[in-house]
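Novice: have a look; sequence and predicted model below, questions after that.
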Amino acid sequence: MSLVNVSDVPASLFLLGVVFILLIFGLLSLGILRMFEKRFRVGWYSFAGAVFSSVAFGLILNQWYL
């Protein structure tokens with residue numbers, strides 16, 4: 001294995017990735033937690049928010065960085 005040079009990654013792309021990863025996985029974990037608490041409607045809303053955030057992340061990456 002060799003070292004990977006990450007100095008070519010712009011800071012804005014890194015921050016965008018960090019924010020969206022925290023948002024998506026936070027909503028997914030919140031949805032799972034709400035399902036275990038038998039609050040199914042709130043759980044499904046959290047899952048829908050995670051899907052919406054994933055789509056938004058993909059669109060932003062497609063528009064700005066690819």
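Specialist: That came through, no problem. Numbering: from 1, shown residues only.
Novice: any idea whether residue 43 is helix, strand or coil?
Specialist: Assigned with DSSP: H, G, I helix; E, B strand; the rest coil, residue 43 falls in the helix class.
Novice: any buried residues in the one helix or strand residue 27 maps to, and which?
Specialist: Under the criterion of DSSP states H and E, residue 27 resides in helix 11-36. Using 16 or more other CB atoms under 10 Å as the test for burial, helix 11-36 gives 16, 20, 23-24, 27-28, 30-31, 34. Bear in mind the C-beta positions are built from the backbone N, C-alpha and C, glycine included.
Novice: how many residues are close by residue 46?
Specialist: Using other CB atoms under 10 Å, residue 46 has 21 neighbouring residues.
Novice: chain neighbours aside, what residue packs nearest to it?
Specialist: Excluding the flanking residues, the one nearest residue 46 by CB to CB, 6 or more residues apart in numbering is residue 31, at 3.3 Å.
Novice: okay, that neighbour: pLDDT?
Specialist: Residue 31 carries a pLDDT score of 97 in this model.
Novice: quick one: it from residue 64, how far?
Specialist: Distance check for residue 31 against residue 64: by CB to CB, to the nearest Å, it reads 28 Å.
Novice: what's the answer for residue 13, then?
Specialist: Counting by CB to CB, the gap from residue 13 to residue 64 is 8 Å.
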